[in-house]
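Undergrad: quick check, what structure comes out for this input:
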Amino acid sequence: MFGFFKKRQPATPPPITPENKAHFPEAFWDDDGIGRLVPIYLQLYLASRSPQHKLTRRPDGSIETNDVPALMIFYDEDPRRQQRIRTDFVKMMHERLPIDPSVLSGLTNEEIVSRLSSIYTQITGKDMYGIVCKKWCVEKKLIV
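TA: Below you'll find the predicted structure:
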């Protein structure tokens, strides 16, 4: 039917894609494909569990999350490879490090950083991003 008598169908949710980031409201990369080495939600979570952390505090006491090194792994000249990298990253983050305190609370800080490092290694085929990630987290006293 049409008009006022049209039967409403329940809305179907859009498919989960890197573009709609249904499970991750945080943008992992910007328009140029540049992302943070440690996503904001993980920085804040790790800092909350490590009171001795060395992350920079703003005058209001909140944590500055932009001090983390940038990554350029989310851009590739080949659009198909770029899409695969982005899709795989979001999928792995959803599976291994979701924005879910109940899941994260079951992991130590070292396990969280190790999983993030492992994701970078699997996505890029290089372990250098994982090494830099761990080094930065140790330097900022997010892990021991």
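
Undergrad: report all helices and strands that the one helix or strand Arg84 maps to contacts.
TA: Assigned by DSSP states H and E, Arg84 belongs to helix 79-96. Helix 79-96 is packed against helix 109-124, with contacts defined by 3 or more C-beta pairs under 8 Å, 6 or more residues apart in numbering; DSSP states H and E. All C-beta atoms are positioned from the backbone trio N, CA, C, and that covers glycine.

Undergrad: got the angle for the helix holding Arg84 vs helix 109-124?
TA: Angle, helix 79-96 to helix 109-124, by axes from the mean of the first three to the mean of the last three C-alpha atoms, to 10 degrees: 160 degrees.

Undergrad: I'd like the mean pLDDT over helix 79-96, please.
TA: Helix 79-96 shows a mean pLDDT of 95.

Undergrad: center of this protein - which residue?
TA: Centroid-nearest residue in the chain, with C-alpha atoms, centre = their mean: Pro39, separated by 4.3 Å.

Undergrad: Glu64 against Lys54, yeah?
TA: No - shown here, Glu64 and Lys54 do not form a contact pair, counting by C-beta atoms under 8 Å, at 11.3 Å.

Undergrad: the residue nearest to the centre of the chain and Pro59: what is the separation?
TA: 24 Å (C-beta to C-beta, to the nearest Å).

Undergrad: now Arg86
TA: Distance from Arg86 to Pro59, counting by C-beta to C-beta: 35 Å.

Undergrad: in terms of helices and strands, where is Gln43?
TA: Here Gln43 is covered by helix 40-49, with elements defined by DSSP H and E.
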